[in-house]
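> quick one, structure for this:
(chains A and B)
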Amino acid sequence: METGAKRLLEIEGLRIEAVAGDAVSEIVKGIDLDLNRGEVLGLIGESGAGKSTIGLAAMGFSRAGTRISGGRILFDGQDLRAASDAQLRALRGARIAYVAQSAAASFNPAHTIIDQHVEAPVLHGYQSRAAAQDDGIKLYAKLRLPEPNVIGFRYPHQLSGGQLQRAMTAMAMACRPDLIIFDEPTTALDVTTQVEVLSAIRDVVEQFRTAAIYITHDLAVVAQMADRIKVLLKGEEVEEAPTKQMLAHPKESYTKKLWAVRSYKRPEKSRASDTTQPELSIRGLEAGYRHGPKVLHDVSFDLHRGMTVAVVGESGSGKSTTARVIMGLLPAARGEIRLRGETLPPDFRARSKDQLRRIQMIYQSAETALNPRMRVSEIIGRPAQFYRNLKGRALRNRVEELLSLIELEPAKFYDRVPSELSGGQKQRVGIARALAADPDIVICDEVTSALDQLVAEGILRLLDRLQSEIGLTYMFVTHDLATVRAIADEVVVMQRGRVVDSGRKSEIFAPPHHPYTAQLLASEPQMDPHWLDAHKKIQDLQVTRACPPAL
Amino acid sequence: MSDFVSGDFLVEFIALICLATGWYIYRGEKGSWAIAVLLAAATAVTWFGAGKDGIHTLGVIVVLMSVAIMVCHALRWLLVRLAPLSFAQTFRSAPLTALFGFLVIGACLLMVIFAPYMAPFSESEVVSAAYAPADSTYWLGTDQLGRDMFSRIVFGGRHSILLSLTATVVAFSLGMFAGLFAAIRGGIIDQLLGRLADVFMSVPALILALLLLSILGTNLAVLVGVVAAIYVPRIFRLTRSVAFGVVVTDFVEASRVRGEGDWYIIRREILPNTAAPLIAEFGLEFCYVFLLIAGLSFLGLGIQPPMADWGSMVRENAVLISFGEITPLIPAMAIALLTVGVNFIVDWMLKITAGLKDNS
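A predicted model of the protein is given here:
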């Protein structure tokens, strides 16, 4: 075929600038990219690598405050940079579609899912309203949404995150586009949901031979989805290769470093002895929010000195609530929290200053956990001043000591405000604030989930080093099993507010598994490109076993 | 005055327009072409509609505006160079309207501070016949008793501005801390304070003021108290809603769990993060308070004679309007100018707070 030889998308020397006032900075520095029909290209890189910007540019779009300053974007032979707004409008939604990271924020909450679904096909004259609705229902079935006949007539808030993400993929497929840009579609989902969405997306893309650009920072995910992978760093290409080759033999050192992140694993420590008193012991915790049902049922576990206990589970499992109950932010309705044998009052307001000092927390989002109007010196210095009554020179010394402890240069960072810090540096300051109180126990609530993999690894190594130097006890709340593998000594698995499985890491990760633990472990994406297929086979097998076909 | 409009004036006027627009274009401000076209159109329309006198008035207005623009530019240039580095950038991006606001406020401040030195006469001294026209001794003429208008404007500005400033500050300190306290405590305290504010707000402001002033008499302290009491509930509600957004953040939670007291959390955690909208609101409320006091003075319940104040000056000279004199409009214009000036700055601050990029 004549057009078969022609590429679907060709980008040459793409340059994009960010403009803020008079300052111009280049965020994409000459990227070449091409894509054949039916091919899936994975774009990976840490935040600020320009992945999303390139994805949007493939639709001829640049965000407010940025402009495409150089290069060519050819979509099916048509130059998108030269195209008029009307021509671009005719393409977008019809031939090029976009799936955003947060489907929950991208749907209009005032309209039903299917109303939003039929908009594009009707607008582009692709289908009549009725035909588009029927087609939508078929797509919902293909994407394995529950009750495909009725689910479209619900409003976005009535669907879960994973369902919305699939509904959005269906919406992108509505006009059977030639190209779909997936911008981190599963990043906000937890592992078990992520697997469902991933395999649904892949099936549909394969079935309709749609070309796709898949943007993500998760290597394991991209290994499942992409035919080729392009690695980006700060707006420049690091390397590009077919998936298998890229996974097996990365050439550049940056890529090798990215690959190696997943292999970080600390040897498991064992308790000094089983008879020693645990640092923190919780027994039969029950808690719920006002007017709501109980979210924790009979939660009990121990934290032993110098150990890291990881609390894992999907969202809604009650792991973060457990952390809040221990902190006293959500007073427990029943149960006991003992700190070295001393019972703590359920409400933090009733606890003594010293009891408060001994349990500190590090938050998931360093963005919101640091007061944007305070300098680093005050953020870190305040707990030291508050608990230890340090003043003047002594306080300054302590802050500088803490800054060096978290590997930030004191002279450079002492007077900064949070907006002058990167994501990883903010999280480090959050850690230093917890350390400033000289705590015994540090509760880490998803501390790495908002960070890029390399940065996250740095944080994990730091936490590990601090543990061995200061002898801290960690309670690590996370949904990421790779993190658990890297840092945990003991694991507590939670589901629907109950502890379903617990024990040493080696025991939990080795068979025989509790069924829910097994499911969690199986859902964790592996770097092997065939993992998703294998996982699906197992799942299908389980389904057929559970409900054998009627004879 | 009409001899000023000689045949040559038209030429001078056109030259002035060219100068102003040309200079404006040179500065690279967008929309300067529109201004040139508008000015040309306005000149033509005035010429056909009102003849030479109209052109003269238009000429005066344009001259005043060009002077104002030039002075604002000069002020920005000065501020950018004088301000410390962190503020210089802010000033550089400031719109001219904001600088005009600074100019007006600066002039008012000078007036407040140096009133006795600036005014040629005292505010209550009868120096001439009533309603004398403006001349070189009495720059703006005299009022209904023969007191010097300019001196009264200067002293009146002092009284009006100081009074509204005091009332606004009192209203703000009460409203703000009540609002922050309600936000941080929530529950029953929040409900009590909130309903109390509702009660105050359910009575129309002017009626409440008239009522309270008739009962309590009209001395300055009562006036400040009454005006402040009227504005406290509005500030309370604003502060409370802004602070609620900050109270739920992780960093406030972190400092609560640390065991910090309410005062520390209000002072160090919440206040700095709500400052921007509150400062903007301060400017806005200052204007309202100012207008309310002017209004009360106009009704005879505000500042009492013989003390000068802009609101009562409008009332005292109101009869002159029927004779086509602009004397009563001078204090009215002073009020308008200050209000506009403050609002220009408030607009600019709101823009900065909202983080909007200036596209104009």
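> for stretch B:186-198, which residues meet the burial criterion?
By 16 or more other C-beta atoms under 10 Å in any protein chain shown, the buried positions in stretch B:186-198 come out as B:Asp190, B:Leu193, B:Gly194, B:Ala197. No exception for glycine: its C-beta is placed from N, CA and C like everyone else's.
> next, give phi and psi for the closest residue to the third one other than its chain neighbours.
With sequence-adjacent residues excluded and distances taken as C-beta to C-beta, 6 or more residues apart in numbering or on different chains, B:Gly194 is closest to B:Ala182, at 6.7 Å. B:Ala182 has phi and psi values of phi -60, psi -40 when expressed as degrees, to the nearest 10.
> B:Ala182: how many residues sit nearby?
23 (other C-beta atoms under 10 Å in any protein chain shown).
> pretty sure it contacts B:Asp190?
Yes: between B:Ala182 and B:Asp190 there is a contact under C-beta atoms under 8 Å: 4.3 Å.
> which residues do those two both contact?
Taking C-beta atoms under 8 Å, 6 or more residues apart in numbering or on different chains as the contact rule, B:Ala182 and B:Asp190 both touch B:Arg240.
> about what we covered before: which ones are touching the residue nearest to B:Gly194?
Taking C-beta under 8 Å, 6+ apart as the criterion, B:Ala182 is in contact with B:Ile189, B:Asp190, B:Leu193, B:Gly194, B:Phe236, B:Arg240.
> go again with 10 Å.
Taking C-beta atoms under 10 Å, 6 or more residues apart in numbering or on different chains, we find B:Ala182 in contact with B:189-194, B:197, B:236-237, B:239-240, B:243-244.
> in strands, which of those residues fall?
Within these, no residue falls in strands by DSSP state E.
> closest to A:Leu451 among those?
B:Phe244 (29.1 Å; C-beta to C-beta).
> does the closest residue to the closest one other than its chain neighbours count as helix, strand or coil?
Of all residues not flanking B:Phe244 in the chain, B:Ala183 sits nearest, at 5.1 Å (C-beta to C-beta, 6+ apart). Following DSSP: H, G, I helix; E, B strand; the rest coil, we place B:Ala183 in the helix state.
> the residue of chain B found nearest chain A: how many residues sit nearby?
Ranked by C-beta to the nearest C-beta, the top residue of chain B for proximity to chain A is B:Pro272, at 3.6 Å. Residues near B:Pro272, counting by other C-beta under 10 Å, number 14.
> that one contacts A:Arg373, doesn't it?
Yes: using C-beta atoms under 10 Å, B:Pro272 is in contact with A:Arg373, at 3.6 Å.
> could you dump the buried residues of stretch B:186-198 to JSON lines with pLDDT?
Formatted as JSON lines, these follow (pLDDT from 0 to 100):
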{"residue": "B:Asp190", "pLDDT": "91"}
{"residue": "B:Leu193", "pLDDT": "92"}
{"residue": "B:Gly194", "pLDDT": "91"}
{"residue": "B:Ala197", "pLDDT": "91"}
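> can you redo these as JSON lines with distance to B:Val203?
JSON lines is the format used below for these (distance: C-beta to C-beta, whole Å):
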{"residue": "B:Asp190", "distance to B:Val203": "22"}
{"residue": "B:Leu193", "distance to B:Val203": "17"}
{"residue": "B:Gly194", "distance to B:Val203": "16"}
{"residue": "B:Ala197", "distance to B:Val203": "12"}
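> of those residues, which belong to helices?
B:Asp190, B:Leu193, B:Gly194, B:Ala197 (DSSP state H).
> for the stretch 301-450 of chain A, give the residue positioned nearest to chain B.
A:Arg373 (3.6 Å).
> which element is that residue on?
Assigned by DSSP states H and E, A:Arg373 belongs to neither a helix nor a strand.
> need the contact list for it.
A:Val417, A:Pro418, A:Ser419, B:Phe251, B:Arg268, B:Glu269, B:Ile270, B:Leu271, B:Pro272, B:Asn273, B:Thr274, B:Ala275.
> for the fourth one, which non-adjacent residue is closest in space?
The shortest distance from B:Phe251 to any non-neighbouring residue, by C-beta to C-beta, 6+ apart, is to A:Asn371 (4.4 Å).
> ok, the third one next?
In space, and not counting its chain neighbours, A:Ser419 is closest to A:Pro372: 6.1 Å by C-beta to C-beta, 6+ apart.
> quick one, what contacts the one you found?
Going by C-beta under 10 Å, 6+ apart, A:Pro372 touches A:Val417, A:Pro418, A:Ser419, B:Thr249, B:Phe251, B:Pro272, B:Asn273.
> just the ones of these in helices?
B:Phe251, B:Pro272, B:Asn273.
> any chance you could map the helices in chain B?
B:7-26, B:32-82, B:85-92, B:96-118, B:149-185, B:187-201, B:205-216, B:220-247, B:250-257, B:262-264, B:271-298, B:310-316, B:329-354.
> right, and those - which one's nearest A:Val491?
For the helices of chain B, proximity to A:Val491 was assessed by C-beta to C-beta; helix B:250-257 is nearest, at 25.8 Å.
> quick one: A:Arg81 is in a strand?
No: A:Arg81 sits outside any strand when classified using three-state DSSP, being coil.
> mind checking how far it is from chain B?
Shown here: A:Arg81 relative to chain B, a distance of 23 Å by C-beta to the nearest C-beta, to the nearest Å.
> spell out which residues of chain B are next to chain A.
B:89, B:92-93, B:246, B:248-260, B:264, B:268-275, B:357-358 (C-beta under 10 Å from any C-beta of the partner chain).
> can you do 8 Å?
Contact residues (C-beta under 8 Å from any C-beta of the partner chain) of chain B with chain A: B:93, B:249-251, B:253-260, B:268-269, B:272-273, B:275, B:357.
> just the buried residues from those, in ChimeraX please.
Command for ChimeraX, covering only those of these found buried under the criterion 16+ other C-beta under 10 Å:
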select /B:93,249,250,251,253,254,255,256,257,258,259,260,268,269,273
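> please name the nearest non-neighbouring residue to A:Leu421.
A:Val429 (6.6 Å).
> tell me if that neighbour really is in a helix.
Yes: under three-state DSSP, A:Val429 falls within a helix.
> list the contacts of it.
Taking C-beta under 8 Å, 6+ apart as the test, what A:Val429 contacts is A:Ala366, A:Leu370, A:Val376, A:Ile379, A:Ile380, A:Ile406, A:Leu408, A:Phe413, A:Pro418, A:Leu421.
> next, count neighbours for the fifth one.
Neighbours of A:Ile380 under the rule other C-beta under 10 Å: 31.
> just the element for it, please.
Per DSSP H and E: helix A:376-388 holds A:Ile380.
> does any part of that helix sit near chain B?
Yes: using C-beta under 8 Å from any C-beta, helix A:376-388 reaches chain B at A:Glu378, A:Arg382, A:Pro383, A:Phe386, A:Tyr387.
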